[in-house]
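# can't give you the sequence, but here's the structure:
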């Protein structure tokens with residue numbers, strides 16, 4: 001098993017096959033809701049989405065500058081439907097975003113004059129990284145679908161960088177961070193890909209690998 005020293009504080013080791021299997025099962029289970037975006041009259045569209053099981057999710061509409069124009073938090077629901085009227089918005093590209101615990105789905109909407117176009121080539125879905133903990137180790141795995149450049153970094157509680165890795169054109173991430181002899185609460189893990197940043201800075205809220213793996217592999 002290959003080890004990488006991080007300023008003699010933290011070690012990164014290859015991910016166990018057990019976690020790879022558990023992570024793959026988690027990504028493949030109920031993470032792709034039925035999302036339907038249909039054009040309405042002139043500058044309007046409708047969103048319909050259905051999950052197989054109840055969950056919480058967020059709906060947002062943003063402009064090209066990432067300014068949030070609309071947002072709604074939905075708690076424990078299997079279905080959602082809403083009509084959007086963009087008649088008062090200027091020409092440009094807008095982004096409809098649906099985010100749940102496991103993934104982020106983005107759909108580009110083009111507005112020109114009195115015409116609204118749903119740009120299917122501007123549709124994107126990413127999976128969020130999954131983390132577990134066990135024995136002062138943090139296990140990190142992520143599925144990147146069509147590949148992406150990834151930046152992984154670890155900082156201590158003073159904000160000093162103790163580990164950084166750039167990985168090019170990856171379809172998956174599999175890492176273990178070992179904090180043996182250190183206090184895991186003193187370190188923050190950051191994962192960046194496809195213009196998203198995911199921060200894990202509260203060790204106490206990271207679930208146990210044993211519990212999550214058992215649930216996923218049933």
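Looks like it came in fine. Just so it is clear, the structure is predicted and the values come from calculations on it, not from any experiment.
# residues in contact with residue 86?
Contact partners of residue 86, counting by Cβ atoms under 8 Å, 6 or more residues apart in numbering, are 43, 44, 45, 94, 109, 111, 116. Glycine gets a C-beta too; all of them are placed from N, C-alpha and C.
# what do you get if the cut-off is 10 Å, keeping everything else the same?
40, 42-45, 61, 69-70, 92, 94, 109, 111, 116 (Cβ atoms under 10 Å, 6 or more residues apart in numbering).
# Give me the buried positions along stretch 143-161.
By 16 or more other Cβ atoms under 10 Å, the buried positions in stretch 143-161 come out as 143, 144, 148, 150, 152, 154, 155, 156.
# JSON lines please, covering those and showing distance to residue 182.
Formatted as JSON lines, the buried residues of stretch 143-161 follow (distance: Cβ to Cβ, whole Å):
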{"residue": "143", "distance to residue 182": "29"}
{"residue": "144", "distance to residue 182": "29"}
{"residue": "148", "distance to residue 182": "30"}
{"residue": "150", "distance to residue 182": "24"}
{"residue": "152", "distance to residue 182": "18"}
{"residue": "154", "distance to residue 182": "11"}
{"residue": "155", "distance to residue 182": "13"}
{"residue": "156", "distance to residue 182": "9"}
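# can I get these in CSV with pLDDT, secondary structure and distance to residue 133?
Below are the buried residues of stretch 143-161 laid out as CSV (pLDDT from 0 to 100; DSSP: H, G, I helix; E, B strand; the rest coil; distance: Cβ to Cβ, whole Å):
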residue, pLDDT, secondary structure, distance to residue 133
143, 89, strand, 20
144, 86, strand, 22
148, 87, strand, 25
150, 92, strand, 21
152, 94, strand, 16
154, 92, strand, 14
155, 92, strand, 18
156, 89, strand, 18
